[in-house]
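J.: got a predicted structure here, sequence first:
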Amino acid sequence: MWAKRAVDEWTTAAAIKGGAIFRRINRLEKIWGDGITPKAVWHIVKAAAMRVGIRNLAPHDLRRTGARLCHLAGGELEQIQFLLGHASVQTTERYLGRKQKLSQAVNDNLGLEDT
């Protein structure tokens, strides 16, 4: 919830009612433009990583880590796929570094006996 609180505080302080949450700020600390570029995100992540002594960190590493943390917290593959905006579940599986366990059909565990 801390992340949502931080974003809520930012959108209130910046008077953002819609559109991109993160915006550019000029030298006079005025918000301008409709958002930030992917290159700006890359620079922000790199600078933050360097401040804490992490080398070779890219924004995509954070995306992959977020997906894995969601999975470890019990998130379903389809939920994570939706969150990441993947068209293919195989892409999400690669992010998680694992494949679905399809060796046994889920309906085999229903406890129904052949009659």
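T.: Happy to help now that I have it. All of these numbers come straight from a predicted model, not from anything done at the bench.
J.: which ones are touching Pro38?
T.: Shown in contact with Pro38 (C-beta atoms under 8 Å, 6 or more residues apart in numbering): Pro59. Placement of C-beta: from N, CA and C, glycine included.
J.: now the one 3 residues further on
T.: In this structure, Val41 makes contact with Pro59, judged by C-beta under 8 Å, 6+ apart.
J.: next one: the helix or strand hosting it to chain centre, how far?
T.: If you go by DSSP states H and E, Val41 is part of helix 38-51. Put simply, helix 38-51 sits 16 Å off its chain's centre (C-alpha atoms, centre = their mean, to the nearest Å).
J.: and stretch 67-77, by the same measure?
T.: That offset, for stretch 67-77, works out to 11 Å (C-alpha atoms, centre = their mean).
J.: now swap in stretch 59-77 and tell me
T.: On C-alpha atoms, centre = their mean, the centre of stretch 59-77 falls 7 Å from the chain's centre.
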